[in-house]
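Enquirer: Provided below for reference: sequence and predicted model.
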Amino acid sequence: MTKDVYVQLKGILDTVNKAVVRLHKLGPKEYMKAVGLLTGDLYSAVSAVNLQLLDDDSVDFCDMNYLEGRITDCVHKDELIKQYKLWYGTMSDILEEQYHALNSWDEKFIKLMNRVKYVDFDRLVDSAKCSLMKLDGEVRDKLCAYYHGLEDMWGTLDIANERYDVITNRITALKEHREDFIWLYGRLGDWRSRMVLVSILYNWITFELDYIYDMKEANFTDYFDLDLVQCGEEEVVVDLGAWTGDSMQNYINTYSKYKKIYCYEIDKISMEAAKKNLAEYSNIEFRNKGVGSRTGLMYLAGNPMSSGNKVVSVNTGFEIEVVSLDDDITEKVTLIKMDIEGAEQEALLGCRRHIEEEMPKLLISVYHNNEDIWKIPRMAEEMNSEYRFYLRSNGSQWGPAEIVFFAL
């Protein structure tokens, strides 16, 4: 926010406050006359400030529509004054917070968190729908097709049938976990990470693809950001969700050195492909198992050769052994990469001993639902508070995907 905008908004706030103080001092007859003259100006001023600071002309703690029919009745004078004073104090605090933001991305995050707090849920949902409908028709169709294929992760987006679960689920996440997002923002270790988080959240409510393009990593392969992750000859690497060995090939191409690699993959066809693709390298152990919070049996769901395979509790006819990493690997682990289609939280629970005692580098996908982005960092923090946290985006899909959380 520029100083000129700050001065302008502060002036409007102070003018409203002076008018309200004047009204408060008036007797019934003078009040009735003055309030009628001031009503339009007060409403306009309030709406203008709300829109500038919260991207919405209405806030849920000062309902101007509710007061409209009562404003000229002196019986409701105290209620009116109380509402305006609350509005003035709150919006003054918001103005100061945004003005003193460290940069434009910081200001955007502050604005969004205040908007989530002070704007009604239904208005936020309607605003997101309006943003969606303003997009080009072909883009909307592609967005609906994209989310349709991934509705088990984020919900349904079906404009034709007025299904907006994607929007309501994400507004719910923002409302219910606002404090978690604020905590994560403050815990992230660099501005690129914060930019990724802010871009994700704004894409949630606007669907604007520029946020996807702005946050995409362009310099390094998935997971192996050389500004963050350093590896050497004593590295014991665990790849959860090895698929065809692509991540470990990237690891070897990036670092060359390691002591041992464990590849976990639930699909036998993908595992055979991984063995073939990594056949020239030594000290790689392949385990056709799922990884969870405890050892047991579950079932495989998905298509062969798909990176979207997952384990489920419903009997699909394809049984798979699931283990906790703490039980399955006894030696010290130095790096754990996870991309296991929404099972990351369960797998993380099964790594507790390794994390608490050995503090391995954690490289975890956190985009398979609307919870992992904050919940997995909370879990890592609880297990070992010495970690530094980062986020990177490696995807260019129609929505936020291939988001990696780093605990280092």
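Expert: On my side now, so go ahead. Numbers count the residues shown, from 1 in each chain.

Enquirer: going forward, measure contacts and count neighbours with C-alpha atoms only.
Expert: Will do.

Enquirer: how about stretch 212-231: buried residues?
Expert: I212, Y213, M215, K216, E217, D222, Y223, F224, V229, C231 (16 or more other Cα atoms under 10 Å).

Enquirer: of the residues you listed, which belong to helices?
Expert: Judged by DSSP state H, helices contain the following of the buried residues of stretch 212-231: I212, Y213, M215.

Enquirer: tally of neighbours for the residue nearest to the second one when sequence neighbours are not counted?
Expert: Of all residues not flanking Y213 in the chain, S396 sits nearest, at 6.5 Å (Cα to Cα, 6 or more residues apart in numbering). Other residues within reach of S396, judged by other Cα atoms under 10 Å, total 17.

Enquirer: can you tell me how far S396 is from E217?
Expert: Distance of S396 to E217, given as Cα to Cα, to the nearest Å: 9 Å.

Enquirer: shaky segments in this structure?
Expert: Along the chain, segments meeting pLDDT under 70 span 31-40, 64-77, 296, 298, 300, 302-317.

Enquirer: can you rerun that using 50?
Expert: The chain contains residues with pLDDT under 50 at 304-307.

Enquirer: of the ones in helices among the buried residues of stretch 212-231, closest to L188?
Expert: L188 lies nearest to M215 out of these, by Cα to Cα, at 15.0 Å.

Enquirer: how close does the closest one get to F405?
Expert: 14 Å.

Enquirer: give me the common contacts of the two.
Expert: Each of R392 lies in contact with both M215 and F405 under the rule Cα atoms under 8 Å, 6 or more residues apart in numbering.

Enquirer: so who does E162 touch?
Expert: For E162, no contacting residues are found, by Cα under 8 Å, 6+ apart.

Enquirer: likewise for D326?
Expert: G350, C351, R352, R353, H354.

Enquirer: ok now whatever helix or strand it lives in, how far from the chain's centre?
Expert: Applying DSSP states H and E as the criterion places D326 in helix 325-328. Taking the mean of its C-alpha atoms, helix 325-328 sits 30 Å from the chain's own mean (Cα atoms, centre = their mean, to the nearest Å).

Enquirer: ok, now stretch 389-405?
Expert: With Cα atoms, centre = their mean, you get 10 Å for stretch 389-405.

Enquirer: thinking again about what came up before, can you lay out the contacts of D326 as a markdown table showing neighbour count and distance to G89?
Expert: Converted to a markdown table, these look like this (neighbours: other Cα atoms under 10 Å; distance: Cα to Cα, whole Å):
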| residue | neighbour count | distance to G89 |
| --- | --- | --- |
| G350 | 22 | 48 |
| C351 | 24 | 47 |
| R352 | 21 | 46 |
| R353 | 14 | 48 |
| H354 | 21 | 49 |
